[in-house]
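Participant: what follows is a predicted structure for the sequence shown.
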Amino acid sequence: MYPKVGISLVTIFEKLGHQVVIADAPACCGQPAFNSGYWDEARLVAVKVLEHLKDAEVIVIPSGSCGAMLKVFYQELFTGTEHEAAAAELASKVHEFSSFLVNQLGVTDLGAEFPHTVTFHDGCHGLRELGNKLPPRQLLANVRGLELVEMDAAETCCGFGGTFSAKFPAISTAMAEVKCASALDTKTEYIVSCDSSCLMQIQGLASRQGQPLKTIHLAEILARA
């Protein structure tokens, strides 16, 4: 859906001297089924993830949502099963992208340049499950030409929630309207986030309502050296 995010991630880590290995499969962590209550079906998908990533040294994910699934919810999903230990081992190696840069590598300045005003949206999983509040802001603070203006509703859910937006479209849209209105109040050009799913929700509403808001993933900004 958003290949530029992945490309930006690889660009950044290779610039820092790391070797990036991208698994050909699987393509999904199983969260849609998990969030909908279909845990048996979610395990069928998640077991493949455990198998494919078991030998990875470090697993970095540019998504608080998928990151929380592997780091937090897999341990709940596999509790009491033969894969419980493997889920715990995997969780210890999983890091959200911005958190890994700041907290594991000690990197806060990538020499990026982005001469625009931006506001930041805290995705629910990244904030509430992973506690990832400061790292993205520390990285944005060192981007040349960038001005960060916090919106009042930075920590408010955008209303996406995966299948939630499909099951409860009216509520989902109303929540997105609150988010976009708060962003518009900042008079900034871009909404930045660590989750493409949130940005899809926000950009979808903004585009349909003709709002002058643009969305961009944090990794895309940091790759602009």
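Facilitator: Sure, I can see it.

Participant: state the distance from Thr156 to Phe114.
Facilitator: Distance check for Thr156 against Phe114: by C-beta to C-beta, to the nearest Å, it reads 24 Å. Where you see a C-beta, it was placed from the backbone N, CA and C, and this is true even at glycine.

Participant: can you pick out the residue with more neighbours from the two?
Facilitator: Neighbour comparison, Thr156 and Phe114: the larger count goes to Phe114, with 20 against 15 (by other C-beta atoms under 10 Å).

Participant: quick check: longest helix of the protein.
Facilitator: Longest helix in the chain by number of residues (criterion: DSSP state H): helix 169-185.

Participant: give me the mean pLDDT for that helix.
Facilitator: The pLDDT scores in helix 169-185 average 96.

Participant: same thing with stretch 150-159?
Facilitator: Mean predicted lDDT for stretch 150-159 stands at 96.

Participant: with just CA atoms, put that stretch into CSV.
Facilitator: C-alpha atoms of stretch 150-159 as CSV (Å, rounded to 0.1, in the frame of the first residue of the first chain):
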residue,chain,number,x,y,z
GLU,A,150,1.5,20.1,18.3
MET,A,151,-2.2,19.8,17.9
ASP,A,152,-4.6,19.5,20.8
ALA,A,153,-5.9,16.1,19.7
ALA,A,154,-2.5,14.5,19.0
GLU,A,155,-3.3,11.5,21.2
THR,A,156,-6.9,11.1,20.1
CYS,A,157,-7.7,8.1,18.0
CYS,A,158,-8.2,8.8,14.3
GLY,A,159,-11.1,6.4,14.1
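
Participant: which other residues reach it?
Facilitator: 119-124, 127, 165, 171-176, 178-179, 181-183, 185-186, 198, 201-202 (C-beta atoms under 8 Å, 6 or more residues apart in numbering).

Participant: what residues of stretch 121-138 count as buried?
Facilitator: For stretch 121-138, the neighbour count (16 or more other C-beta atoms under 10 Å) marks 121-130, 132, 135-137 as buried.

Participant: farthest-separated two in those?
Facilitator: Glu129 and Arg137 (18.1 Å; C-beta to C-beta).
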